[in-house]
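Asks: Give me a model of this one.
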Amino acid sequence: MKKYLLVMLFLSSALFAHTTVSDANQEIITNMLAYEKTGNTQLGEMFVYLQTKIFENAYLSIILIVPLVFLIHFLIIGPKKFSHDGKKYYVFSLFNRIIHAMAAISFLIIIPTGLIMMFGSTFGGGEFVKACKELHAVSTILFMISVVPMFLMWLKSMLFTKEDIKWFMILGGYLSKEKKPVPAGKFNAGQKMWFWVCTIGGVAMIFTGATLYVQDLNLAVLTMFGLTKIEMLRICIIVHSAVGLAMVALFFTHLYMSVFAIKGAIVSMINGYKEEEEMKILHSSYHKELEKN
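Replies: The predicted structure is shown next:
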């Protein structure tokens, strides 16, 4: 419970954010909001609406609602606990764990710094927000190094199957205190959702983010699609904000599930082993496959 309250305290600090943007991006956003709607793609009006009415309110809702839902779940349902005295299965290799650790560390920096940048004025702007912007960029490089090997090493296991539909229908069994076998392979449907948003969405975030940081990078794309520079920046901000919403929501979910909802689950990404009882219940199909082989 103490761990959860600490995380909640960290996340709730962003609730005081209001509909402002960071000093780091203020000039770009201001120029685009004032830009005359005469370009080929006519994105001016849509951009203003999305930035001022949709994205900021959506991020605030996610920061508030998602942790609150998980707090209620933790207090009412509680974490699932499994025996650590039985057989263990070596599920994640050293290479798996290193790549996962790199991605995890990068997201632990990218998500908070990204939110601080979005609501920069609430945090006082200035040097603090600028420092977060630099941390955001550096941690993105770490993610860039890990995203391709992570995608390749888990691609086959992350493909959706028919049993994922069953998993969604019972929400992975997380709404019940009973420990009944759940239809899932090595990764469940929730983990698969996070994987695809993290990898494919992550590549989109890298491209759009790099375009905003180093605006000369979009010259080739501008020529290819016949866009003006202001239109390209608007598209990048819209895509970055939209994909970011899914990333923040699923990151909070992944963090809660791995650290709090399943007691000891995060240990498997440290030593590579999963407990037999946990495998039987939460990854029943994969457990049967391992026993058969």
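Asks: Mind pulling the model confidence for F47?
Replies: On pLDDT, F47 comes in at 70.
Asks: Tell me the buried residues in stretch 115-124?
Replies: For stretch 115-124, the neighbour count (16 or more other C-beta atoms under 10 Å) marks L115, I116, M117, M118, F119, G120, S121, T122, F123 as buried. For every residue, glycine as well, the C-beta is placed using N, CA and C.
Asks: Farthest pair within the residues you listed?
Replies: Spatially, the most separated pair among the buried residues of stretch 115-124 is L115 and S121, at 12.9 Å (C-beta to C-beta).
Asks: hmm, back to that, now, the buried residues of stretch 115-124 that are in helices?
Replies: Within the buried residues of stretch 115-124, residues falling in helices by DSSP state H are L115, I116, M117, M118.
Asks: want to throw those residues into TSV with pLDDT?
Replies: Putting these into TSV (pLDDT from 0 to 100) gives the following:
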residue	pLDDT
L115	90
I116	89
M117	86
M118	82
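Asks: Okay, buried residues for stretch 91-100 please.
Replies: Neighbour-count burial for stretch 91-100, counted by 16+ other C-beta under 10 Å, picks out V91, F92, N96, R97, I99, H100.
Asks: Quickly note the distance from the nearest residue to K80 once chain neighbours are set aside to H283.
Replies: Once flanking residues are discounted, K80 sits nearest to I262: 5.2 Å by C-beta to C-beta, 6 or more residues apart in numbering. Per C-beta to C-beta, to the nearest Å, I262 is found 11 Å from H283.
Asks: These two - which one has more neighbours?
Replies: More crowded of I262 and H283, by other C-beta atoms under 10 Å: H283, with 24 against 19.
Asks: Tell me the secondary structure of the residue lying closest to the more buried one once chain neighbours are set aside, please.
Replies: Among residues not flanking H283 along the chain, A184 sits closest, at 5.0 Å (C-beta to C-beta, 6+ apart). Three-state call for A184 (DSSP: H, G, I helix; E, B strand; the rest coil): coil.
Asks: What residues of whichever strand or helix holds Y286 count as buried?
Replies: According to DSSP states H and E, Y286 maps onto helix 284-292. Residues S284, S285, Y286, H287, L290 are the ones in helix 284-292 that count as buried (16+ other C-beta under 10 Å).
Asks: who's in contact with the second one?
Replies: Right, the one you point to is S285. Contact partners of S285, counting by C-beta atoms under 8 Å, 6 or more residues apart in numbering, are E163, P183, A184, G185.
Asks: From the residues you listed, pick the one nearest S241.
Replies: Nearest to S241 among the contacts of S285, counting by C-beta to C-beta, is A184 at 31.8 Å.
Asks: if I read this right, the closest one contacts K288, doesn't it?
Replies: No. With contact defined as C-beta atoms under 8 Å, A184 does not reach K288; the gap is 11.0 Å.
Asks: Reformat the buried residues of stretch 115-124 as TSV; add distance to F251.
Replies: As requested, the buried residues of stretch 115-124 are exported to TSV (distance: C-beta to C-beta, whole Å):
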residue	distance to F251
L115	11
I116	15
M117	16
M118	15
F119	17
G120	20
S121	24
T122	20
F123	20
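Asks: Of those, which is the nearest to M269?
Replies: Distances from M269 to the buried residues of stretch 115-124, taken by C-beta to C-beta, are shortest for L115, at 24.3 Å.
Asks: Just confirm that closest one contacts I63, I think it does.
Replies: Yes. The criterion here is C-beta under 8 Å, and L115 meets it with I63 at 7.1 Å.
Asks: Helices of this protein, start to end?
Replies: Shown for the chain, the helices assigned by DSSP H span residues 2-12, 23-34, 44-49, 56-76, 94-118, 126-154, 162-169, 189-213, 219-225, 229-256, 268-271, 276-282, 284-292.
Asks: For K87, find the nearest of the ones you listed.
Replies: K87 lies closest, by C-beta to C-beta, to one member of those: helix 276-282, at 4.1 Å.
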